[in-house]
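Novice: coordinates only, sequence not included:
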């Protein structure tokens, strides 16, 4: 199973979700989405192999140490809007399913085998333009 994250699309979705506008009213959500999108390798919460996708206003962090999983979503430098289970961050290789936090792909209708399939192992990543695919 692969998950593709389009950085510009992710930023746009977050901004729409939050109905974001700067306090000084200089930028609307649609204008902020047009900022250049950057993807960079980073460490996050003890996982050394992560990628940060940002347009300077909002950011998404995906980890390839376990997954596929989007572990962070929020304003750049701000609070993570996704739940994090602190005692599980930075770990991998457990024999059973871990909620960890963040967000992973859910299927409908929900299936125990697929929805709760182990994602405790590393995954691959392919970057192309302003998108990243976790494999």
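Specialist: On my side now, so go ahead. Remember, predicted model here, so these are calculated numbers, not experimental data.
Novice: Please report the distance of the most centrally placed residue in the chain from residue 95.
Specialist: In the chain, the centroid-proximal residue (Cα atoms, centre = their mean) is residue 70; its distance is 2.9 Å. Distance of residue 70 to residue 95, computed by Cβ to Cβ, to the nearest Å: 24 Å. For every residue, glycine as well, the C-beta is placed using N, CA and C.
Novice: what does residue 127 give?
Specialist: In terms of Cβ to Cβ, residue 127 sits 31 Å off from residue 95.
Novice: Between the two, which has more neighbouring residues?
Specialist: residue 127 (14 against 6; other Cβ atoms under 10 Å).
Novice: What's opposite the residue nearest to the more buried one when sequence neighbours are not counted in the beta bridge?
Specialist: In space, and not counting its chain neighbours, residue 127 is closest to residue 39: 5.7 Å by Cβ to Cβ, 6 or more residues apart in numbering. Beta-bridge pairing for residue 39 (DSSP bridges): residue 53.
Novice: neighbours of residue 39, just the number please.
Specialist: 20.
Novice: Let me see the confidence value for residue 130.
Specialist: We have a pLDDT of 80 for residue 130.
Novice: picking that back up, residues contacting the residue nearest to residue 127?
Specialist: 7, 51, 52, 53, 127, 130, 132 (Cβ atoms under 8 Å, 6 or more residues apart in numbering).
Novice: Next one, pLDDT for it please.
Specialist: pLDDT, residue 39: 93.
Novice: for residue 106, same thing?
Specialist: pLDDT, read off for residue 106, is 71.
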